[in-house]
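[1] 3D, please:
(2 chains)
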Amino acid sequence: MESGEYEEGMVIEFSANGNSMKATDVQAKLDEGNIQEAESSLREGLSLNFEEARALLGKLEYQRGNLEGALRVFDGIDLQAAIERLQPSLAEKTPSRKGRTRSDSQHTVSQHAASLVLDAIYLKSKSLQKLGRLTEAASECKNVLDAVEKIFHQGMHDAQVDGRLQETVSQAVELLPELWKQAGYYHEAISAYRRALLSQWNLDNDCCARIQKGFAVFLLYSGVEAGPPSLGVQVEGSYVPKNNLEEAILLLMILLRKLSLGKTKCDPSLMEHLTFALSLCNQTSVLAKQLEEIMPGVYHRVDRWNSLALCYSGAGHNNEALNLLRKSLHKHERPDELTALLLAAKTCSEDSHVAAEGVGYAQRAISSAQGMDEHLKGVGLRLLGLCLGKQAKVSSSDFERSRLQSEALKSLNEAIALEQNNLDLIFELGVQYAEHRNLNAALRYAKQFIDRTGGSIIKGWRLLALVLSAQQRYSEAHVVTDAALDETAKWEQGPLLRLKAKLKISQSLPMDAIETYRYLLALVQAQRKSFGPLRISNQVEDDKVDEFEVWHGLADLYSSLSHWKDAEICLSKASELKRHSAEMLHTEGVILEGRGQIQEALAAYIDALLLEPYYVPCKILIAALLSKMGSVALPVARSLLSDALRIDPNNRKAWYYLGMIHRDDGRIADAIDCFQAASMLEESDPIESFSSIL
Amino acid sequence: MSNDPSTSSILEDDQDTINSTTTSTITPTPTTTTSASASASSHNSSLSKCQSAVQSLSTILPSLPPSLSSSSNPAHTLLHDHHTASHISSLLRQPDSGAGDNNLCRWLYDTFQSSDPDLQLLVLRFLPIIAGIYISRAALRVPLAGFEAVLLALYAHETATRSGHSITVSVPDLSHPSLYHESKAPTKNNSTGLNLAVISPSLEPYGTVRSTRRARIVGVALELYYSKIHEMPVQSKIEFCEFCRVWAGQDGEMYKEMTGSSCSSRSESKEEDGNGEKAGSIPLPWELMQPVFRILGHCLLCPNQNKELVDKGSEACRSLYARSMHDINPKAILVTGSLLRLTKQALDTNDDFDPTEIPKSRIISI
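    This next block holds a predicted model:
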């Protein structure tokens, strides 16, 4: 290797023992291959011993980039012997734990010798590394650490160790895992990392932080499972990570803590690694906490809000997410940031109360989707459609509602033209058409969804069955439900079995329905027993059938069969699981009414409404009862029914009873209209509400 | 070494030895060739299994590498033989490859069932192609029983290894002391404050692939693949990255310069149209996405990187990022966004600072 390359690091002179000496002569001798001569001229010139001279020469060669030469020089020293000579000199001075009786001068001399030897081994290791002889490099480097551990029994403390020695030790500690890693010996690398971090090396903050980060990154991405640390290092009562993810997260959190205390330099990649790790564990709420703890100034506030919003949204905390997005999308901040707009619109599309706000975000997203973001335009349109559809549900007038619904469909259709591959969108179009009672279109999309997903998503099957049931094609709906049950594992069959039971009822097969409910009940109870609260993540997570629902469904079924006794038993079972619910009071009222206890029934219905003022079925039942009580009550009944229809304009029963009242009042034309509406709706009524699967 | 590497073998492998009687221990060190097995008898049985596997493979493939007969570990030789891999890959990619009577699927199934760790690795090496093609074809109503048999075998292996248990992570909380730090706050109660996260739910045994469980079964097979990923040849990981792009169904090239310079003219070569759009864009539930992200993280940021792998991994990651944006999936946006930024940082830093280098001085002194 040419020394010219190393102009910058050119050595001019040596100095030791108060003397100094020009380097040129020695260099010339080395270049001729005369190590001995170079060595002896150094020994004479600077009054050094053999090892000292060799150490200086090795360093010179290393610094000149003559690595082979450096190795030749170092090979001349018996480093192992030197280490062994060192051990007693330092160690026997401290036979007892408390004794630090050795004199200072002795101490310095020994440390000086130690430093010289360890430095030489370290440089040998570095030379080997640069020559690509990584395994040898690693074992030399390990020698440094082993020697240090032998020399300093009780760990290194800054008071006792001179700067130069400390520096070499720190470098060796940091180098060793790196070498094993480069050599592909990953388990050795893990041990080296743990040794670096768990023994007392008196590392400075930056060095320790670098090793911790290196280890965290290694744990996260190497794909080698480290296994828990050995029992020896585990302290009673402290947290011991048991797998790679835990250990990496712990280290990253510690690093971020150091960062916020100002102990280490700012490093944005720490947060990125932690984001990766915690998101994989579904722990974005913990990630949010970490983000909040970061000192202001590291991230721009809008970036921080947006990241936090993603975290909260990922953890299902939609309100927090939306509040943050409102701030970041404020006109004085970054009103056009597309990701934030899309996330805000999506969050709003899930809640009818903020759907109108979501329409605004979606519209802004569509106009911001330009240039390299143009591909997201379809997503904006899709969200616009969803928000409009949701907004339609709470609109105050029929006119408004139908306007919003058709706008929603229009947007979704524009979206599908751009997003032909978006499976969610296909499904949403199906539901939207179904709610709009365009059952043929709904059927088309439901089938398409099942085809494109290969039947892998349960809600697709349910939509298809519901659409078929709305078309009164019960036996086909039944076939679809059975096919879906075949494609579903036992624990996820709940919603499908419920659907099946309701289909049986619609097909006037109450006994089969009871049988299905019984099976469902057994399933739900077994599920509750075999999985604790830990169970997560399956597809039906948000739509799990609970035991209450089953008992309540059975109670409804028995009461429709006028089996009052059985109905009451089921109802009491249901009430054990949920104390107050409008549905239960509803069924209770039906049973009472069936037994002729009209006043009590009425009281139950009214109680239900007190509990849930928008509970439509009870409004209708009260109106039905009132309408039989003579003409005085008719206006009240009528207003209850119009109220019910405002909330649920597709309720055929409400139309029917409204028709009855008109008839009783002698408004025959109005009555005919209502009956017509009722009969039309009956022909397109699904057995469960379409919105139940969204 | 204070900590012998062979004692710190993976937890799963410890359990594996309970389940399988024939294998000695699986030591996931890079030196598998030397640490094959402890006792001579199990070595012989493993060798005979290998030989019979090679024997039946030779009836399927046109040729096998000549070095195989002299190899002391034929499974290992096959695993790293490029020629054999590309033969098998092209057979797997044929239109009728996944059928129940397919020879190759049969071979993969039998070979994995041999429960010889080296042979199992060899089968796992082809998981990216099997899973990739299988999932893409699942919606096309073509026979796939052969692929399903292999995937179910992997799923069953993982189920047995874990005894069906879920894999959890208790997320640390710095207010408790740990082996890497001390806590100033007095610790009253250890168990409080730790969030328990389930990263892979408990496993039920399955005899068939029900369509709603397809993603889970493939996901678990990918978890198994991930646990052996450091032993996989680069080519297998590259194939995985290529399928990620297909699965994502989005072209992520617009995110090439995700952070930094303004986007220049895009050269949009829509290959997807050529392949037919149906092939791409599959449903990506979290149970499938999560193992995909772990594998992708490895491809992009593992030690001793391979440039081609990083390139392919970046492409896959960009596509998945685009897909996450289309789905507005916050967790996936966070993961893929972070991976993209980390990869970019790794490429951008031409930081020469090496803390283990000694300072250069003009005067060398003692």
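[2] the domain parsing of chain A - what is it?
    A:546-613, A:615-693 (the TED database).
[3] Count the neighbours of the closest residue to residue A:559 other than its chain neighbours for me.
    In space, residue A:559 comes closest to residue A:567 once its chain neighbours are excluded; the distance is 4.1 Å by Cβ to Cβ, 6 or more residues apart in numbering or on different chains. (Glycine included, C-beta is placed from N, CA and C.) Residues lying near residue A:567 (other Cβ atoms under 10 Å in any protein chain shown) number 23.
[4] quick one: pLDDT of residue A:567?
    Residue A:567 is assigned 92 on the pLDDT scale.
[5] what's near enough to touch it?
    By Cβ atoms under 8 Å, 6 or more residues apart in numbering or on different chains, the contact set of residue A:567 is A:555, A:556, A:558, A:559, A:587, A:591.
[6] could I get those as CSV with secondary structure and pLDDT?
    Listed next are those as CSV, based on DSSP: H, G, I helix; E, B strand; the rest coil; pLDDT from 0 to 100:
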residue, secondary structure, pLDDT
A:555, helix, 91
A:556, helix, 89
A:558, helix, 92
A:559, helix, 89
A:587, helix, 92
A:591, helix, 93
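[7] Just checking, which helix or strand of the chain averages the lowest pLDDT?
    Since no chain was named, I'll use chain A. Of all helical and strand segments in chain A, the minimum by mean pLDDT, DSSP states H and E falls on helix A:79-91, at a mean of 67.
[8] To clarify, I was referring to chain B.
    Ranked by mean pLDDT, DSSP H and E, the weakest helix or strand in chain B is helix B:11-19, scoring a mean of 34.
[9] Any quick PyMOL command for the buried ones out of the contacts of residue A:567?
    Of the contacts of residue A:567, the buried ones can be selected in PyMOL as follows, counting by 16 or more other Cβ atoms under 10 Å in any protein chain shown:
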select buried, chain A and resi 555+556+558+559+587+591
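[10] Would you convert the contacts of residue A:567 into JSON lines that also reports distance to residue B:71?
    Below are these laid out as JSON lines (distance: Cβ to Cβ, whole Å):
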{"residue": "A:555", "distance to residue B:71": "71"}
{"residue": "A:556", "distance to residue B:71": "71"}
{"residue": "A:558", "distance to residue B:71": "73"}
{"residue": "A:559", "distance to residue B:71": "76"}
{"residue": "A:587", "distance to residue B:71": "74"}
{"residue": "A:591", "distance to residue B:71": "79"}
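[11] how much space between the residue nearest to residue A:559 and residue A:622?
    Separation of residue A:567 from residue A:622 (Cβ to Cβ, to the nearest Å): 20 Å.
[12] Which parts of the stretch 551-694 of chain A are helices?
    Secondary structure of the stretch 551-694 of chain A by DSSP state H, counting those that start in this stretch: the helices cover A:564-577, A:582-594, A:598-611, A:616-627, A:634-647, A:652-665, A:668-682.
[13] List of residues touching the fifth one?
    Read it as helix A:634-647. A:396, A:614, A:616, A:619-620, A:622-624, A:626-627, A:651, A:654-655, A:657-658, A:661, A:664-665.
[14] How far does it sit from its chain's centre?
    47 Å (Cα atoms, centre = their mean, to the nearest Å).
[15] The longest one too?
    Put simply, helix A:668-682 sits 51 Å off its chain's centre (Cα atoms, centre = their mean).
[16] quick check: angle from it to helix A:634-647?
    Put simply, helix A:668-682 runs at 40 degrees to helix A:634-647, going by axes from the mean of the first three to the mean of the last three Cα atoms, to 10 degrees.
[17] Please export the C-alpha coordinates of helix A:668-682 as PDB.
    C-alpha atoms of helix A:668-682 as PDB (Å, rounded to 0.1, in the frame of the first residue of the first chain):
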ATOM      1  CA  ILE A 668    -108.500   6.600   2.300                       C
ATOM      2  CA  ALA A 669    -106.200   8.000  -0.400                       C
ATOM      3  CA  ASP A 670    -103.400   8.600   2.200                       C
ATOM      4  CA  ALA A 671    -104.000   5.200   3.600                       C
ATOM      5  CA  ILE A 672    -103.600   3.600   0.200                       C
ATOM      6  CA  ASP A 673    -100.300   5.400  -0.300                       C
ATOM      7  CA  CYS A 674     -99.000   4.100   3.100                       C
ATOM      8  CA  PHE A 675    -100.100   0.600   2.400                       C
ATOM      9  CA  GLN A 676     -98.500   0.700  -1.000                       C
ATOM     10  CA  ALA A 677     -95.200   1.900   0.600                       C
ATOM     11  CA  ALA A 678     -95.500  -0.900   3.200                       C
ATOM     12  CA  SER A 679     -96.000  -3.600   0.700                       C
ATOM     13  CA  MET A 680     -93.200  -2.300  -1.600                       C
ATOM     14  CA  LEU A 681     -90.800  -2.300   1.300                       C
ATOM     15  CA  GLU A 682     -91.900  -5.700   2.400                       C
END
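[18] Nearest residue to residue A:209 in space, please, no chain neighbours.
    residue A:264 (4.4 Å).
[19] The closest residue to residue A:179 other than its chain neighbours - how many residues pack around it?
    Nearest non-adjacent residue to residue A:179, counting by Cβ to Cβ, 6+ apart: residue A:138, 3.9 Å away. Burial of residue A:138, expressed as a neighbour count using other Cβ under 10 Å, amounts to 26.
[20] Which neighbouring elements make contact with the one helix or strand residue A:138 maps to?
    Residue A:138 belongs to helix A:134-151 when elements are defined using DSSP states H and E. Under the contact criterion of 3 or more Cβ pairs under 8 Å, 6 or more residues apart in numbering or on different chains; DSSP states H and E, helix A:134-151 touches helix A:79-91, helix A:104-130, helix A:163-183, helix A:186-198.
[21] could you give the mean pLDDT of that helix?
    Averaged across helix A:134-151, the pLDDT comes to 89.
[22] Pass me the low-pLDDT residue ranges in the stretch 501-650 of chain A, would you?
    Where the stretch 501-650 of chain A drops to pLDDT under 70, the residues are A:530-544.
[23] If we use 50, what do you get?
    Residues of the stretch 501-650 of chain A meeting the criterion pLDDT under 50: A:533-540, A:542.
[24] repeat for chain B
    For chain B (pLDDT under 50), the answer is B:1-38, B:190-191, B:259-279.
[25] what's the single longest helix in it?
    helix B:307-327 (DSSP state H).
[26] what angle separates whichever helix or strand comes after that one from helix B:307-327?
    Using DSSP H and E, the helix or strand that follows helix B:307-327 towards the C-terminus is helix B:330-348. With the same axes, to 10 degrees applied, the angle from helix B:330-348 to helix B:307-327 works out at 150 degrees.
[27] Just checking the distance from helix B:330-348 to the centre of its chain.
    Remark: helix B:330-348 is offset 19 Å from the chain centroid, using Cα atoms, centre = their mean.
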